[in-house]
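[1] Got a sequence here, can you model it:
(one chain, ligands or ions: 1)
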Amino acid sequence: MTALDSSYRFPVRVLHWAMALLILAMIATGFAMVQEELPQSVRNTLFIFHKNTGILAFSLVLLRLILRLVFTPPPLPDTVSPVQQKAAAASHALLYVLMFAMPVLGYIRVKAGGFPIESLDAWGVPVIVPRSDDLANTAKFAHFVGAIAISAVVALHLSAAIFHALVLKDGVFARMWFGKSRA
Ligand code: HEM
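    Next up, the predicted model:
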């Protein structure tokens, strides 16, 4: 197997790291902006960032799902046991579900609640959910549960990546990184 065969394709790697930054920013701003001790002007700025960057994240998730279907991921090395391979596949599937669901739930929470999403509103994108406080509150609760879940799965994913990169040094991290040591 060549170095290229054992790595993710270049566009997949670029998108992976762009999404990683965006998701971490979404989690940080999400938890920060609901803190009532923060000045209102700071919270408002964080809300605007969170809502509009979330829309960007959703577009990239769709692109990522397409690339995931087009490019089959490279096989893991034999040093990763079948049980670990199944656990990795399950956590990746859960990450995809959450990366898709979180922006959708955020959108429903905001639009059913009658609030703006500045970028979509400026582009004249029609609102596709009814105005309903019940729906907004249900989406708000689901978005909160999803926030806890995605934080936990991202922490697990990050710990596993660091363990492979610094302790096992088995090339698993290098598959998603840039440079020569991808073999
Ligand atoms: C990957 C995408 C997203 C992630 C990881 C994410 C994460 C979070 C987190 C961690 C929180 C704080 C937990 C809470 O108190 O609910 C939060 C809150 C919130 N998010 Fe998101 N979010 C995402 C996308 C979006 C989008 C696209 C929107 C709207 C367009 C949105 C709107 C909101 C709102 C309004 C809140 C405050 C909850 C409330 O009090 O109503 N989120 N988000």
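
[2] so which strand or helix has residue 147?
    Assigned by DSSP states H and E, residue 147 falls within helix 133-162.

[3] In terms of secondary structure, what does that helix contact?
    helix 10-33, helix 82-112 (3 or more C-beta pairs under 8 Å, 6 or more residues apart in numbering; DSSP states H and E). (C-beta placed from N, C-alpha, C; glycine too.)

[4] avg pLDDT for the first one?
    The reference is to helix 10-33. Averaged across helix 10-33, pLDDT comes to 97.

[5] Packing partners of it?
    On a contact count with 3+ C-beta pairs under 8 Å, 6+ apart, helix 10-33 meets helix 40-70, helix 82-112, helix 133-162.

[6] Quick one: residues in contact with it.
    With C-beta atoms under 8 Å, 6 or more residues apart in numbering as the test, helix 10-33 has contacts from 7-8, 38, 43, 46-47, 49-50, 53-54, 56-57, 60-61, 63-64, 67-68, 71, 99, 102, 147, 150-151, 154, 176-178.

[7] and among the helices and strands packed on helix 10-33, the most buried is which?
    helix 82-112 (a mean of 17; mean count of other C-beta atoms under 10 Å).

[8] Any part of the helix or strand following that one near the ligand?
    Next in sequence after helix 82-112, counting helices and strands by DSSP H and E, comes helix 118-122. No: counting by C-beta under 6 Å from any ligand atom, the ligand has no neighbours in helix 118-122; the shortest distance is 8.1 Å.

[9] Just name whatever secondary elements helix 118-122 is in contact with.
    Helices and strands touching helix 118-122, by 3+ C-beta pairs under 8 Å, 6+ apart, are helix 40-70.

[10] any idea how far the helix it packs on is from the chain center?
    Centroid separation for helix 40-70 versus its chain: 9 Å, with C-alpha atoms, centre = their mean, to the nearest Å.

[11] same for that helix, what does it pack against?
    If contacts are counted by 3+ C-beta pairs under 8 Å, 6+ apart, helix 40-70 sits against helix 10-33, helix 82-112, helix 118-122.

[12] anything in that helix sitting right up against the ligand?
    Yes: using C-beta under 6 Å from any ligand atom, helix 40-70 reaches the ligand at 50, 51, 54, 55, 57.
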